[in-house]
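Engineer: Sequence plus the predicted model coming up.
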Amino acid sequence: MMDKLPMAKKNETILVVDDEDAILSFTIEAFQNLGYSVILAENGEEAVEIYKSNPNMFDLVFMDMVMPKLGGHSTFYKIRAIDPNAKILLSSGHVSETEIEDLLEKGAKGFMPKPHKIKNLALEVRRVLDEK
């Protein structure tokens with residue numbers, strides 16, 4: 001199945017931000033099986049700190065919207081303040097698309113409702129990374 005999916009090109013790194021263990025395990029395994037390097041943040045504050053420490057390391061931020069400490073909206077704006085060109089792909093099982101429209105208008109690259117399917121993850125991540 002994996003050979004039909006779009007794979008990572010060169011050494012691409014994704015920062016995965018989510019506070020749900022089951023989602024993290026699935027997402028990390030899916031991305032690694034597709035050839036991506038994965039760094040993990042368990043909440044928005046941690047994501048901002050990791051991004052700030054390594055601003056040129058990440059090709060993509062794959063981020064949950066509902067998290068403790070710092071939610072998706074604030075995390076999005078803080079990462080974009082560090083890097084205005086950061087590619088951020090939003091994800092949630094708990095918000096409606098209307099709730100994230102402002103972030104899409106401000107430059108978020110897309111929204112993926114949970115639960116995720118590997119094929120959809122692979123296609124959406126590749127679409128965002130290949131965008132000029």
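Structural biologist: Yes, it's here.
Engineer: From here on, just use CA atoms for contacts and neighbour counts.
Structural biologist: Fine.
Engineer: Reduced to three states, what does the most centrally placed residue in the chain come out as?
Structural biologist: Nearest to the geometric centre of the chain sits F62, at 0.5 Å (CA atoms, centre = their mean). Assigned with DSSP: H, G, I helix; E, B strand; the rest coil, F62 falls in the strand class.
Engineer: Contacts only, for it.
Structural biologist: With contact taken as CA atoms under 8 Å, 6 or more residues apart in numbering, F62 is in contact with I14, L15, V16, V17, I88, L89, L90, S91.
Engineer: Got the phi and psi for V17?
Structural biologist: Note on V17: backbone dihedrals following degrees, to the nearest 10 are phi -120, psi 110.
Engineer: Could you report the pLDDT at it?
Structural biologist: For V17, the pLDDT comes out at 95.
Engineer: How about it: which residues does it bridge to?
Structural biologist: A41, M63 (DSSP bridges).
Engineer: Quick check, it in contact with E45.
Structural biologist: No: if you go by CA atoms under 8 Å, V17 and E45 don't touch, sitting 9.8 Å apart.
Engineer: who has more neighbours, these two?
Structural biologist: Per other CA atoms under 10 Å, whichever of V17 and E45 has more neighbours is V17, with 27 against 19.
Engineer: okay, and the helix or strand of this structure with the least pLDDT?
Structural biologist: Lowest on mean pLDDT, DSSP states H and E among the helices and strands of the chain sits helix 97-105, with a mean of 85.
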